[in-house]
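S.K.: Sequence first, predicted coordinates after that:
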Amino acid sequence: MTKKEIEKKARECLELINLEIPVPVIEIAEKLGLEVHEVVAPDEESLSQLSVALVKNDRHWLILVNEEEIATRKRFAIAHAVGHFLLHPKKEKIDSFVAGETIVLKDVYGTEEKEASYFALALLMPTLELKEAWQKTKDAETLSKQFYVSQVSLTARLQALNLVEGVL
């Protein structure tokens with residue numbers, strides 16, 4: 001799937017809600033029929049491994065997010081899971097996204113992971129709104145707070161939109 005197609009899917013999701021910044025990612029997931037639950041990992045080893053999982057339980061799709069993650073990471077993880085749900089709908093268990101602040105856009109990761117990560121960035125930081133905000137401030141700290149994302153995510157999105165130099 002091309003970046004343009006992924007951007008279009010993200011924009012369609014934003015049309016499900018009254019667009020506001022920061023984007024209400026849980027509301028979008030729920031409008032798509034996904035239940036979002038914060039969970040406690042059963043042990044320390046699992047805790048360090050799990051950030052989010054998208055699973056089908058009986059007839060329902062669930063997004064299970066690690067309650068120990070910081071808020072911006074949870075938002076990215078939920079958006080990433082929504083991306084898998086929309087872009088890769090034929091899998092029973094779509095993702096177990098490992099903990100940590102990694103934006104998966106590099107070629108060392110599978111295509112589906114890159115697509116879901118790109119979708120998450122496009123959903124949380126819509127193109128038009130981010131470009132407008134960037135032109136006003138050009139301050140990453142201010143924008144990461146405004147869009148309620150990590151600076152790592154913001155930087156990745158700015159680079160993807162060619163607003164700052166650098167390639168992921």
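M.R.: Happy to help now that I have it.

S.K.: Mind naming the longest helix for the protein?
M.R.: The longest helix of the chain (DSSP state H) is helix 71-87.

S.K.: Tell me the helices and strands packed up against it.
M.R.: Packing partners of helix 71-87 (3 or more Cβ pairs under 8 Å, 6 or more residues apart in numbering; DSSP states H and E): helix 3-14, helix 25-31, strand 34-39, strand 50-57, strand 60-66, strand 93-98, helix 111-124. (Each C-beta comes from the backbone N, C-alpha and C, glycine too.)

S.K.: how far is it from where the chain is centred?
M.R.: Chain-centre distance of helix 71-87: 4 Å, with Cα atoms, centre = their mean, to the nearest Å.

S.K.: Show me which helix or strand of this protein is least confident by mean pLDDT.
M.R.: strand 93-98 (a mean of 48; mean pLDDT, DSSP states H and E).

S.K.: quick revisit: need the helices and strands packed on helix 71-87 in CSV with mean neighbour count and distance to Thr155, can you?
M.R.: Below are the helices and strands packed on helix 71-87 laid out as CSV (neighbours: other Cβ atoms under 10 Å; distance: least, Cβ to Cβ, whole Å):
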stretch, mean neighbour count, distance to Thr155
helix 3-14, 16, 17
helix 25-31, 18, 19
strand 34-39, 14, 26
strand 50-57, 19, 19
strand 60-66, 20, 23
strand 93-98, 18, 19
helix 111-124, 24, 10
